[in-house]
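K.L.:
test case, fold it:
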Amino acid sequence: MSAADDRSTARRTLIVIGLVLATVVGLGLVWATRRVLVWGLVAAFLAVALKPLVDRLQRRVRRRAVATLLVFLATFVLLATLGTLIVVPLVDEVGRFADRAPDLVREAQAGRGPVGRLLERLHLLRYAEPEQLRRYGDRLGEPTVGLVRGVAQAVAAVVTVVVLAYLMVLEAPKIVAATLRLVGDGAAERLRRIGRDTSRIVTGYLSGNLLISVICGGLTFVVLFLLGVPFAAVIALVVAVVDLIPLVGATLGAIVAAGAGFLHSPTAGVVVLVFFVVYQQVENHLLQPVIMARAVRLNPLTVLVSLLLAAELAGLVGALLAIPAAGVVQVLLREFVPAGRQALPVPAAGDGPAGAPGPGTRDRPPAGG
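P.N.:
Sure, this is the predicted structure:
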């Protein structure tokens, strides 16, 4: 082997080693910054959803900064109103429970009241002794620091996502114009189509998901109201908000509503459970296919597979972004994969190996004959 071959082999070996190291370093950086990357992804999703509203409002107020600020303020007011409607009654109920807690504990320790009778029937009355309750209280105090840290991280995540989304929407025209100038006229039109289709998919997904949640919350309110369950409106609102979560949202809502129904009466709890079993079948086989098919234009199998894979890889955030992400992938495939490669070509009659006539061409008259 000559010296030139040795240098070429060594060069290729170094290139391969360098590529492997660069890939490992890149994956390590992605893993180390995964939290920030998830925040950025959620912010981009929110920015794409709110950008059409900002563009429409900008045509009236003329200034994008004012339009962006008004849209984000309206969104914040809406979310704060929903949070207040949910949190205030819950705080009142927690306060009432705290006032009654000492009496409930004494009744449970004596085996009286519904809790005490239940503990006695299940042979769990010994766990309600004062020493046992004191140990439970000490154990509950241990994860307090972790709980406070988790709340602080959640608040920081929400603030970061909102600020990132605000800046993305505000600077969107400049970013789009600079990108189109870099790619040239030929690719600019393709990028515009991708942007329009992506915005349509995200907006359609949000509107379709909101519509399904409104239907779920409205029907839940009607059932709870007819059964006489207290705080029917608040429980229905909680169910509607939880139903926004794909895969597990309706199940979590059913647990909340059925728990409230059983606290009211066993009959109400059974009726609520039956209602949610029927409603989930209707939502899964009628509402979601019809609404999401029109909003995102994905077949149900693609939706289900995307949800399962994304939930496994990225948890709740992945489940929330799975359907629009699958729609965006479909748009990219349509734009960048040639039409001839999207499906296997059907051989035409007479196609054969290069330079050889196909079957049936021997007796075919020449063109123009």
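K.L.:
for this protein, which segments count as helices?
P.N.:
With DSSP state H as the criterion, the chain has helices at 3-32, 34-61, 64-110, 113-121, 130-141, 144-170, 172-227, 232-242, 249-264, 266-282, 288-295, 300-336.
K.L.:
could the ones you listed be laid out in CSV, adding mean pLDDT?
P.N.:
Shown next, in CSV, are the helices of the chain (pLDDT from 0 to 100):
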stretch, mean pLDDT
helix 3-32, 84
helix 34-61, 85
helix 64-110, 75
helix 113-121, 56
helix 130-141, 53
helix 144-170, 81
helix 172-227, 83
helix 232-242, 85
helix 249-264, 84
helix 266-282, 88
helix 288-295, 72
helix 300-336, 74
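K.L.:
need those helices in a markdown table (columns: mean neighbour count).
P.N.:
From N, CA and C alone the C-beta is placed, and that goes for glycine too. As requested, these are exported to a markdown table (neighbours: other CB atoms under 10 Å):
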| stretch | mean neighbour count |
| --- | --- |
| helix 3-32 | 10 |
| helix 34-61 | 17 |
| helix 64-110 | 13 |
| helix 113-121 | 14 |
| helix 130-141 | 10 |
| helix 144-170 | 14 |
| helix 172-227 | 16 |
| helix 232-242 | 21 |
| helix 249-264 | 19 |
| helix 266-282 | 16 |
| helix 288-295 | 16 |
| helix 300-336 | 17 |
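K.L.:
now residue 278: how far from residue 26?
P.N.:
Distance, residue 278 to residue 26, using CB to CB, to the nearest Å: 49 Å.
K.L.:
ok, now residue 334?
P.N.:
From residue 334 to residue 26 the distance is 28 Å (CB to CB).
K.L.:
show me the domain layout of this protein.
P.N.:
Listed by automatic domain parsing, the domain ranges of the chain are 34-170, 185-339.
K.L.:
format these as a markdown table; extra columns: distance to residue 19.
P.N.:
Formatted as a markdown table, the domains of the chain follow (distance: least, CB to CB, whole Å):
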| stretch | distance to residue 19 |
| --- | --- |
| domain 34-170 | 22 |
| domain 185-339 | 24 |
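K.L.:
residue contacts, residue 213?
P.N.:
240, 241, 243, 244 (CB atoms under 8 Å, 6 or more residues apart in numbering).
K.L.:
what's the local residue count around the third one?
P.N.:
Read that as residue 243. The local packing of residue 243 (other CB atoms under 10 Å) involves 25 other residues.
K.L.:
can I assume it is in contact with residue 251?
P.N.:
No. The criterion here is CB atoms under 8 Å, and residue 243 misses it with residue 251 at 9.7 Å.
K.L.:
okay, residue 351: pLDDT?
P.N.:
In this model, residue 351 is scored at 46, pLDDT.
K.L.:
distance of the residue lying closest to residue 60 once chain neighbours are set aside from residue 51?
P.N.:
Spatial nearest neighbour of residue 60, chain neighbours left out: residue 67 (8.0 Å); criterion: CB to CB, 6 or more residues apart in numbering. Distance, residue 67 to residue 51, by CB to CB: 10 Å.
K.L.:
over to residue 208?
P.N.:
Counting by CB to CB - residue 208 and residue 51 are separated by 18 Å.
K.L.:
kindly report the same for residue 40.
P.N.:
Taken as CB to CB, the span from residue 40 to residue 51 is 16 Å.
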